[in-house]
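In: pasting the sequence and the predicted model now:
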Number of protein chains: 2
Amino acid sequence: MKMSRKVFRDLCSLEDAFSTLEENWRPEALSTERVPITDSVGRVLANDIHSAIDVPGFDRAAMDGFAVRAEDTFTADEQHPVQLRVLGRVDAGDAADHLVSIGDAVEVATGAPVPRGANAVVMVEFTKSTSNGVAIYKPVTPGENIAGAGTDIAAGELLLRKLQKLTSRDIGLLAGIGLEQVEVYRKPRVTVFSSGNELIAQGQPLAFAKLYDINGPTLLASILDCGGDPSFMGVLPDDYSILKSRIESALASADIVLTSGSTSSGPGDMIYRVVDELGEPGVLVHGLTLKPGKPALIGLVRGKPIFGLPGYPTSALMIFHILVAPFIRRLGNMSDVEPTKVSASSPMKFSKARGRRELVPVQIITQPNNKLLAYPMQSGSGAVSSFSMADGFADIPETQEFIDEGEELEIELFGKELVLPSLVAIGSHCIGIDIAFALLRRADSRFLGRTINVGSTGGFHAVQRGEADLAGVHLLDEKTGEYNTPFVRFFHLENSAVLVRGYNREQGLMVKPGNPAAIKSIEDVVKSRVRFVNRNRGSGTRLLIDKHFRELALNEDISTITSRVDGYGYEVKSHSAVAAAIKNDRADVGYGIRTAAVLAGLDFVKTDDERYDFLIPRSRLAKPSVKAFLDLLRSSVFTEDLHKKAPGLKTTNETGTQIPIA
Amino acid sequence: MKMSRKVFRDLCSLEDAFSTLEENWRPEALSTERVPITDSVGRVLANDIHSAIDVPGFDRAAMDGFAVRAEDTFTADEQHPVQLRVLGRVDAGDAADHLVSIGDAVEVATGAPVPRGANAVVMVEFTKSTSNGVAIYKPVTPGENIAGAGTDIAAGELLLRKLQKLTSRDIGLLAGIGLEQVEVYRKPRVTVFSSGNELIAQGQPLAFAKLYDINGPTLLASILDCGGDPSFMGVLPDDYSILKSRIESALASADIVLTSGSTSSGPGDMIYRVVDELGEPGVLVHGLTLKPGKPALIGLVRGKPIFGLPGYPTSALMIFHILVAPFIRRLGNMSDVEPTKVSASSPMKFSKARGRRELVPVQIITQPNNKLLAYPMQSGSGAVSSFSMADGFADIPETQEFIDEGEELEIELFGKELVLPSLVAIGSHCIGIDIAFALLRRADSRFLGRTINVGSTGGFHAVQRGEADLAGVHLLDEKTGEYNTPFVRFFHLENSAVLVRGYNREQGLMVKPGNPAAIKSIEDVVKSRVRFVNRNRGSGTRLLIDKHFRELALNEDISTITSRVDGYGYEVKSHSAVAAAIKNDRADVGYGIRTAAVLAGLDFVKTDDERYDFLIPRSRLAKPSVKAFLDLLRSSVFTEDLHKKAPGLKTTNETGTQIPIA
């Protein structure tokens, strides 16, 4: 029972996985193809390039002036010019047929061929036209101001080496020796498919229980990025015979086959069996001692590697970069291309998987000193929204137990370039920030804003750690009834940050159109046992929600009330997500701002006025993008756009001014 | 006389050129196009992207386990499991229709939809199958282990912003919400042509006085690199009506027109006139106070900018990067994309153009501490060979008079990535190094060698300054008759470098096949007045040549002899260039190694045996690529390849061993 033997084999380290594949794999050399030189940047040369011609192909005047016999000029000086007869003029590109003998000169332009007999060019600055010729005021030595034939490139010279990756300057070199086409290795063909019964392809209608496939398109883009030639086989169901026949046909043309999903050893997963039964040696590695990577698979059938990646997008992309990309580059003779890495420090201490090497996806932001910070992100959640914010990943060794605050990490980027935002807002999300960012971008096309939604409390922490340019906050202090100001003191930010007045918002209950459950207050929510949708802990709105529930509970524990609320445990992360839950009948009521309710077509029962302000580190006040943001807050453009697009958000005379902290 | 007014206007600074164009240019917004998401990496979004769906679209099990009503589990613990009836099982992708009531459970796989009635998932680890159902050993709270519908992305949520440049993760996000295509701005169309009567296109036969056009293909590749959509109009002659009609037709479809060559104000140059007469405002700027850039031209006709670049390839490429690329990016809404820059220090002091801003092309190499060195290169020479080695350029302000040794320069790269060589040989060129580098690359596909040919003396200087990993040298000390060793002392390198024995070479006179001039010695060269081809000053071979001439001159000055040698001033820079000069009948005789003569099919009259050795900084001896090079020198593979491909080069028992310096 070969199969079961392999199913239960030990997990394998990444190094062992590499060497196991290397030992078994005998890649054939890629075939070559001829491409126009203008399409060859980044391609790998398949041959040494020797020049078939001399460049220049003739003795070329390097200056405007007069082609002469140097010997005729030896006695010339400022006082005693030499008089020469001028036979004519030659321009660049002209093949005029003069013969320069003793006492002769020919006027030449830069780039013109030097006429026979002449062996030097006198620069025009040292000559004067005369009625019967030219006067030469300075002697020249033989060869002076002439670029001899073949002095730049000699016929037969080795110019570019086989296996070299071509640059735009190499294209110039190939052009200079007259080549229209160049022979390069073809790109490795990587055939990709996604598998899983829950997946459907883009463009299909979204049936219940289905998700659109994310890995297929993302991997195609990533394969292109690392020099491969991707093709997509589509989304395949977990069906043994379909998978087997499709992989079999892929093996006929692909150099590498790549799958994602369906690689764990649960009952519905069968890639493993398919790969093993397609041919020897079949599955080589099933599971890596690497987080994430337990479900990763490496197989080899008919000399072609088959890689099985985890289903979660962030995991799949990281395993692709660390495991598959090096083989694509190797096969394409691009092993000398290194992935782009940057150094960034961790803004916080965090622990990692014990005793396992771990790949941690991170989001990168800049600090004012231009140093980079790498925020760890969750990879195992399968959330697309967090995946889309990851810039790259850190590779943390098995022996390390945690990452310390301030520790320098080497981050491998998912893309070739790191595109850094001009302004980073971390904290509570508000559509007002989206409006402001869109206006800033309209005013300056270089502006690139990024929002990280972690709630108001998270915003205070982010400013405390110096990570954010600004934080949108709306935290109510129950004791004083004051918004935000008391928390500046609570977080000891009086000296290091300022609070800037934002705008007013209306908080309340979002309900279905027409308010069918007739909910007028938080009490109705509890009494009528409608389905509630809650907000994430740490958000300002959640604090407000819990304040209302606590008031109902009087002196009892809040859970005496909340345990009676159907959906108190159902937490979503934004106002619009609350609105969406009600609109799509997953809940009947939830808390949020009027703006979100109105934009979603819901009814709104106002319970509170609140202040949405901006907390800004003092060190960022001089940053141009922060200045531009503050100027915008105070502008009528912003007030008008807010009025038009965000019902319920209102600026005041104080908007954009600093709030004194007592 | 509008034209002459403009011809004589003052040169203009780059800043003024930018603002002049900005003031006059009212670019229309680019039209948009729909592209498949997998082709959209790097493209610029033309619309905000809001999600039309919730992700997930259903309440999704986040763990393998049992979907339950949380209320049913509140009393469960290790001692008192709760027994539930199992209604069935739901896998990912299944839309099974269970209703979970009091006392019910449904087995669920990760990713499966949570059945109606259930509000939490108990992880399988805390359950045990029983004969009549499942035992639950741990309570769950409502919502636990469920990713609620819309919690990742809520319908209506703003996901990506207009004008954002798409990354592979953004592709994943677009895929996740089911989009097959996305609307992006089309790339700016840049129409390119080259002009000059001396230019011909690749693939054409090379007529006398002509050169293959280099700028066209190089600019096409560079436009692609910075996000434009290039098209090539070909090489146009300096003919007023042809230029005018071709530019006129280009203006109909292009967003930007780019020319190179024919922009100086000499009599044969007419781009200037053509642009000015095509329409208002015509030529805006003619000539920049920037070196190189005097012949640069900026025009505006029918709202389309026309840029005229210098003819020399390095100059054209630098002016393209500093002047044109920013406008392509701006037009394509990619102003936030910065060109790739690296910091590198100057290995030497060098002066720049006085009172003019100067762009200095540089070649970049690494030092052992991973710091980068930027070697200045000549841009004005028009040499393709040096152009092809330039990695980027430094932008030196007008106020600076020179670059100091060790000064940090910011280098803008010509390409997006800097591909750094593993091993840098600076010094005398020899085909033996080419053979060694090819063998090293064959053994390790990551190996990338680079040779900079500056002659033996230049090699000693490069090692002295710590720039080279190794220098091939063959310098004869006339006093002692010794090769290389005395110069190690002369350059004070005894402690900082080692000399490694290379191989023997035969130097002598290369002559035409059959030796028609019957040249047997240097004396014959002088006496028979044949045409000579010399080597560049500083090369080991030139020292040898001058030694022979000096011996003939006895106690007189060398010029008493060399002034009688036709072609003594005709200097070429390599053995193969000497061979090419003779083969192509530009000379009858020259000095060089037997290898070059044999490979070119020439006859060879040996005059000297010489030692070609390698000077290596001690600090580089531990570098893996240097070690590999030394191992290779001592290998039989190298000896055999040398024997096969390089007649006249011979290794000895000492090859690859250090030569003691007394």
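Out: Done, it's in.

In: the most centrally placed residue in chain A: helix or strand, and which one exactly?
Out: The C-alpha lying nearest the average C-alpha coordinate of chain A belongs to A:Gly415 (Cα atoms, centre = their mean; 4.3 Å). Per DSSP states H and E, A:Gly415 falls between elements, in no helix or strand.

In: which ones are touching the closest residue to A:Arg465 other than its chain neighbours?
Out: The spatial neighbour of A:Arg465 that comes closest, neighbours along the chain excluded (Cβ to Cβ, 6 or more residues apart in numbering or on different chains), is A:Pro347 at 5.3 Å. Yep, even glycine has a C-beta here, placed from its N, CA and C like the rest. Applying Cβ atoms under 8 Å, 6 or more residues apart in numbering or on different chains to A:Pro347 gives the contacts A:373-375, A:405, A:465, A:467.

In: near chain B, which residues of the stretch 501-650 of chain A show up?
Out: Within the stretch 501-650 of chain A, the positions near chain B by Cβ under 8 Å from any Cβ of the partner chain are A:566-574, A:576-577, A:579-581, A:583-584, A:586, A:599-600.

In: go with 7 Å
Out: By Cβ under 7 Å from any Cβ of the partner chain, the residues of the stretch 501-650 of chain A that approach chain B are A:568-574, A:576-577, A:580-581, A:584, A:586, A:600.

In: could you export the residues you listed as a markdown table, including secondary structure?
Out: What follows is those, written out as a markdown table (DSSP: H, G, I helix; E, B strand; the rest coil):
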| residue | secondary structure |
| --- | --- |
| A:Tyr568 | coil |
| A:Gly569 | coil |
| A:Tyr570 | coil |
| A:Glu571 | strand |
| A:Val572 | strand |
| A:Lys573 | coil |
| A:Ser574 | coil |
| A:Ser576 | helix |
| A:Ala577 | helix |
| A:Ala580 | helix |
| A:Ala581 | helix |
| A:Asn584 | coil |
| A:Arg586 | coil |
| A:Ala600 | coil |
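
In: next, format those residues as TSV and append distance to B:Leu409, neighbour count and pLDDT.
Out: Below are these laid out as TSV (distance: Cβ to Cβ, whole Å; neighbours: other Cβ atoms under 10 Å in any protein chain shown; pLDDT from 0 to 100):
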residue	distance to B:Leu409	neighbour count	pLDDT
A:Tyr568	62	23	87
A:Gly569	60	20	79
A:Tyr570	58	24	81
A:Glu571	53	18	80
A:Val572	52	26	79
A:Lys573	47	21	76
A:Ser574	47	24	80
A:Ser576	49	28	80
A:Ala577	51	28	80
A:Ala580	54	29	79
A:Ala581	57	30	81
A:Asn584	59	16	75
A:Arg586	60	20	77
A:Ala600	55	23	87
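
In: residues near A:Gly459, how many?
Out: When neighbours are counted by other Cβ atoms under 10 Å in any protein chain shown, A:Gly459 registers 31.

In: now do A:Phe193
Out: Quick note: A:Phe193 (other Cβ under 10 Å) scores 24 neighbours.

In: also A:Pro516?
Out: 11.

In: do the same with A:Thr75
Out: 11.

In: pLDDT score assigned to the nearest residue to it once chain neighbours are set aside?
Out: In this structure, A:Thr75 finds its nearest non-sequential neighbour in A:Val82, 6.4 Å apart by Cβ to Cβ, 6+ apart. Per-residue pLDDT puts A:Val82 at 96.

In: tell me the contacts of A:Val82?
Out: A:72-73, A:75-76, A:136 (Cβ atoms under 7 Å, 6 or more residues apart in numbering or on different chains).

In: over to it: give its phi and psi.
Out: phi -100, psi 130 (degrees, to the nearest 10).

In: do you know how far A:Lys650 is from A:Arg611?
Out: 11 Å (Cβ to Cβ, to the nearest Å).

In: typo on my end, it should be A:Asp557
Out: Taken as Cβ to Cβ, the span from A:Asp557 to A:Arg611 is 29 Å.

In: quick one: which of these two has more around it?
Out: A:Arg611 (21 against 10).

In: now that one. Nearest residue, chain neighbours left out?
Out: Using Cβ to Cβ, 6+ apart, the closest residue to A:Arg611 is A:Tyr483 (4.0 Å).

In: I figured A:Leu642 hits A:Leu649, correct?
Out: Yes: using Cβ atoms under 7 Å, A:Leu642 is in contact with A:Leu649, at 5.1 Å.

In: which neighbours do those two share?
Out: A:432, A:503.

In: quick one, domains of chain A?
Out: A:2-28+A:187-331, A:38-51+A:157-185, A:60-147, A:341-420, A:424-645 (automatic domain parsing).

In: show the end-to-end separation of the third one, please.
Out: Terminal residues of domain A:60-147 are spaced 5 Å apart (Cα to Cα, to the nearest Å).
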